[in-house]
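Student: from the sequence below, what's the structure:
(one chain, ligands or ions: 1)
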Amino acid sequence: MPEGERIAAVDDVPELGSHLFTVEDAFTNEREAILVTCDEAPGVRAWLNNCTHEAQRLDRGDGVAMRNGEIICPKHGSMFDACSGECNNGNAAGTTLPSIEITVADGAVFLRDDNYEYLRDGGMDDDDGPDSTSHLSF
Ligand code: FES
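Tutor: I've put the predicted structure just below:
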């Protein structure tokens, strides 16, 4: 059994999109994070769910937009490499998404980062917003 809190099954991470979850940082602040698929081993990466340009969520509750292995910021369109977190275009050029250490074992993703504690599935507003549409499916 791997160490660390289980975040999700690998199969729960969509090929195009993201799996949203909430962690607590070292200052006991809640932070949103995302799991995304990546072409390089172990096939999944975890990033904080914030653009490096402005305080903008990348996954607004319905998964990130992705194209050609890059995460697209919904506000100004900068694209971040899903594997490295690096951005070389638009307003966020020259920045890298803050990463969260994970490990993959037994078909699941586990949090392995001393700076974060796993809190729950989903985002920070998921259970107190009557206007949330994140659980709608089409
Ligand atoms: S807020 Fe993401 S590129 Fe501007």
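Student: quick check: bridge partners of the nearest residue to residue 117 once chain neighbours are set aside?
Tutor: Leaving aside its chain neighbours, residue 117 sits nearest to residue 24 (4.6 Å; criterion: C-beta to C-beta, 6 or more residues apart in numbering). Every C-beta, even on glycine, is put in place using the N, C-alpha and C of the backbone. When bridges are taken as DSSP bridges, the partners of residue 24 come out as residue 30, residue 117.
Student: so residue 24 sits against residue 119, correct?
Tutor: Yes: with contact defined as C-beta atoms under 8 Å, residue 24 and residue 119 form a contacting pair (5.5 Å).
Student: what do those two both touch?
Tutor: Here residue 24 and residue 119 share the contacting residues residue 30, scored by C-beta atoms under 8 Å, 6 or more residues apart in numbering.
Student: show me where this structure has strands.
Tutor: Assignment of strands within the chain using DSSP state E yields the ranges 5-9, 19-24, 30-37, 44-48, 65-67, 70-72, 79-81, 99-100, 102-105, 108-111, 117-121.
Student: any buried residues in the third one, and which?
Tutor: Buried positions in strand 30-37, judged by neighbour count with 16 or more other C-beta atoms under 10 Å: 31, 32, 33, 34, 35, 36, 37.
Student: any idea how far it is from the chain center?
Tutor: Centroid displacement of strand 30-37 relative to its chain, using C-alpha atoms, centre = their mean, to the nearest Å, is 3 Å.
Student: mind starting the numbering at 704 from now?
Tutor: Got it, the first residue is 704 from now on, which makes the last one we talked about strand 733-740.
Student: ok, back up a step: adding distance to the ligand and mean pLDDT, write the strands of the chain out as JSON lines.
Tutor: Written out in JSON lines, the entries for these read as follows (distance: least, C-beta to the nearest ligand atom, whole Å; pLDDT from 0 to 100):
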{"stretch": "strand 708-712", "distance to the ligand": "24", "mean pLDDT": "97"}
{"stretch": "strand 722-727", "distance to the ligand": "17", "mean pLDDT": "98"}
{"stretch": "strand 733-740", "distance to the ligand": "14", "mean pLDDT": "98"}
{"stretch": "strand 747-751", "distance to the ligand": "13", "mean pLDDT": "98"}
{"stretch": "strand 768-770", "distance to the ligand": "12", "mean pLDDT": "97"}
{"stretch": "strand 773-775", "distance to the ligand": "9", "mean pLDDT": "98"}
{"stretch": "strand 782-784", "distance to the ligand": "9", "mean pLDDT": "98"}
{"stretch": "strand 802-803", "distance to the ligand": "17", "mean pLDDT": "98"}
{"stretch": "strand 805-808", "distance to the ligand": "23", "mean pLDDT": "97"}
{"stretch": "strand 811-814", "distance to the ligand": "25", "mean pLDDT": "98"}
{"stretch": "strand 820-824", "distance to the ligand": "24", "mean pLDDT": "97"}
